[in-house]
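# Dropping a prediction and its sequence here:
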Amino acid sequence: GILLSGKEGETKAFHQMQIGWNVVNLGLAAAGFLGAMHVDPGSLDLYHSIQEQHKMEKILLFNAGLDVGYMLSGAYLLERSRRIDGKNPAQLKGFGRSILLQGAFLFVFDLSMTAILSSDNPKIAPLLSQMQLHSDGQSVGVTFHF
C-alpha cells in the first residue's frame, strides 16, 4: 500500500494487483496454517502419510496448471493493453504484468515443491521393503524389521 502513494498509471495498477494477490496469498496461508494446527502428525501411520504426500503432489501439479492459466491471462492483458483505445490501457498493462509475475513465481514454487516431495520417495522405499504383512485368519498385522 505504501508503494501506491504518488504512483500513477501502469505502476499504480501493478501495485494494486500485487496487493490483491498478497491478500489472497495471506488468506490461503492462514487457512493452511490453521488447518495444520488441528492435525497431529503422530496420528498418521505410514500408509496415511504416504497417501497425504501423494495428495499434496497432485494438488501442487494441479496448481502448476492453474499458474500457466494465470500467466496466459497476464499475457492476454498485456496484449489487450496494446490494442485498446481510450479505456485505460496503462491499468491493463499494470494488471497484466502483475498477474504474469505472480503466475510465474507460483509456477516455479509449485514445481519446486513437487520435486522436493517426489525426491523423498526413495527414503520411503526401504521402509516399505522391510515391512511384512501377516494374517492369522482373523486379523491382519504388519511387522517391520530394522
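Thanks, I have the structure now. Numbers count the residues shown, from 1 in each chain.

# now do the same end-to-end measure for stretch 38-55.
Distance across stretch 38-55, first residue to last, is 18 Å (CA to CA, to the nearest Å).

# For residue 113, list the residues it contacts.
Taking CB atoms under 8 Å, 6 or more residues apart in numbering, we find residue 113 in contact with residue 60. C-betas here are computed from N, CA, C, even on glycine.

# rerun at 10 Å
By CB atoms under 10 Å, 6 or more residues apart in numbering, residue 113 lies in contact with 56, 57, 59, 60, 61, 63, 64.

# what about the strands in the protein?
Secondary structure of the chain by DSSP state E: the strands cover 131-135, 140-144.

# buried subset of the contacts of residue 113?
Listed as buried from the contacts of residue 113 are 57, 60, 63, 64; burial here means 16 or more other CB atoms under 10 Å.

# Those residues in helices, which ones?
The helices, defined by DSSP state H, take in 57, 60, 63, 64 from the buried ones among the contacts of residue 113.

# which one is the third one nearest to, not counting chain neighbours?
Which is residue 63. Excluding the flanking residues, the one nearest residue 63 by CB to CB, 6 or more residues apart in numbering is residue 110, at 4.6 Å.

# Please report how far the one you found lies from residue 30.
19 Å (CB to CB, to the nearest Å).

# before we move on, what about residue 90?
For residue 90, the distance to residue 30 equals 33 Å [CB to CB].

# Settle it for me: which of the two has more neighbours?
Taking other CB atoms under 10 Å, residue 90 and residue 30 do not tie; residue 90 has more neighbours (15 against 10).
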